[in-house]
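Undergrad: sequence below, structure please.
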Amino acid sequence: MKSYSLFINELNEGSTHAALTADLKELLQTVQNTGRAGALTLKIKVTPAIKGTQGGVDKVTITAERKLELPKPEQPADFFWLTDDGETTRQHPRQHSLELRDVASQPPVSFKTAT
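TA: Residues are numbered from 1 along each chain as shown. This is a model prediction of the structure:
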């Protein structure tokens, strides 16, 4: 029996092997850059070359399907509160707001110290 690696090298005149090598390189680099998992799947389908043949098949058609699933970078998330009506808001809907004023425009407060 011919080894699997030799078979893959011969399949489609080596183009399947070359494509798998390129896919694996891209997958490894993307996993390294994102820190997330990915996958490379090879599906080999073998069918008789002549339809309806029962037993004694001496010729087959072999197809290889590659599926590359690159890891996706983590998507940024944002935080919102929901109002009673289901609308998004940046402010907590049940918390009162604190009115702030600019202290730079106010005269300084002086404190007397006890002597």
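
Undergrad: what about this protein, any weak spots by pLDDT?
TA: 53, 106, 108, 114-115 (pLDDT under 70).

Undergrad: ok, the spatially most central residue of it - contacts?
TA: In the chain, the residue lying closest to the centroid (Cα atoms, centre = their mean) is K72, at 1.9 Å. Contacts here follow Cβ atoms under 8 Å, 6 or more residues apart in numbering; on that basis K72 touches T34, R36. Quick note: C-beta positions are derived from backbone N, CA and C, even for glycine.

Undergrad: so which helix or strand takes in it?
TA: Under the criterion of DSSP states H and E, K72 resides outside all helices and strands.

Undergrad: do you know how far it is from S105?
TA: Noted for K72: a distance of 50 Å to S105, by Cβ to Cβ, to the nearest Å.

Undergrad: quick one on the thing from earlier: give me phi/psi at the residue nearest to the centre of the chain?
TA: Torsion angles at K72 (phi, psi; degrees, to the nearest 10) stand at phi -100, psi 140.

Undergrad: check the gap between it and G38 for me.
TA: Separation of K72 from G38 (Cβ to Cβ): 9 Å.

Undergrad: please apply the same query to L28.
TA: Remark: distance between L28 and G38 (Cβ to Cβ) = 9 Å.
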